[in-house]
Structure formats: C-alpha cells, structure tokens
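Colleague: this one's structure only:
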C-alpha cells in the first residue's frame, strides 16, 4: 500500500471484530481539490480506510490459522451508505464485524461502519477473497506491514 487510510488499530478480537481510527487532518492532499473553501473527506477514502482495516484483519486471522501465504483482496462492496459528511479535524472510528469467515472456501464478509463520535458516517458490507502470495519480495513487504499494523494492539481473546 502506498497510502494508509487508517492511523491506528486499537482492538481486535480474532474472527469476531476489529476497531481502528483515522484522524482526518487539513494537511491531507485531498483537501486541495475536495472542495476548496468547503473541505469534505471523500466517501471513497472512508471506504478505502474500512477496506484496508478489513484486509489487515482478515490476514491477521488467516495467519493465526497458519495460512501466512494468503492475502485478502477486496472483491465486493455491498450496501455502502454515506450518512454524514466528514471534515478536517474529525476522528473516524472504524469497526468491522465478521459476518462470514470461511478460510477453506477462500472468502470472508465483514460488516463495517465509520463513526464520528456518536454519528454514523458510513456503513456497509465488504467481501474479501484470498490470494496466494508467491513473490518473496511481496511476502517480506507484507510481513513488515503486518508487524507495523499490529504493534500495541489490544487483542481480546
């Protein structure tokens, strides 16, 4: 990944849920164009943050099952709704809850939501398929990303 749309993973309960945070800052490049004089964080980037969180979560769960060679790839976005505008200075609290997790069949489905305080900003369903990682360089990059992403995360068993 080149752009990270989550700042921190707070808590994870393997194969059940994940919680993460994105702090929206005026210094983000997107606000140069979206929109001058009335900055709004794009819904597509909120979706990207939830997808990155979900992919990392699914890969974490796969690794716990001994499937370190698998990568999660977003395959479908279902019933995504954007309910509130997100502006600079807002903190997005992301949550993903497992609806379906079938490692043997090669897919998982998460219910995701993004909130600013008590306000629901976005919600929907994300489906992930699993890919085999074959390239050694990609394996090392993925290992480094997983180590970074899950540093200081509260794991609830």
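Modeller: Now that the structure is in, tell me what you want to look at. This one's a predicted model, so the numbers in the text were calculated from it and none came from an experiment.
Colleague: Could you measure from the residue lying closest to residue 103 once chain neighbours are set aside over to residue 30?
Modeller: Sequence neighbours aside, residue 65 is the residue nearest to residue 103 in space, at 5.7 Å (criterion: C-beta to C-beta, 6 or more residues apart in numbering). Heads up, the C-betas are built off the backbone N, CA and C, glycines and all. For residue 65, the distance to residue 30 equals 36 Å [C-beta to C-beta, to the nearest Å].
Colleague: quick one: low-confidence ranges for this structure?
Modeller: Residue ranges of the chain with pLDDT under 70: 1.
Colleague: Quick one: the strands in it, in order.
Modeller: 8-13, 17-23, 70-82, 91-102, 107-116, 119-132, 154-155 (DSSP state E).
Colleague: mind putting the ones you listed in TSV, distance to residue 142 included?
Modeller: Converted to TSV, the strands of the chain look like this (distance: least, C-beta to C-beta, whole Å):
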stretch	distance to residue 142
strand 8-13	16
strand 17-23	17
strand 70-82	7
strand 91-102	19
strand 107-116	17
strand 119-132	11
strand 154-155	19
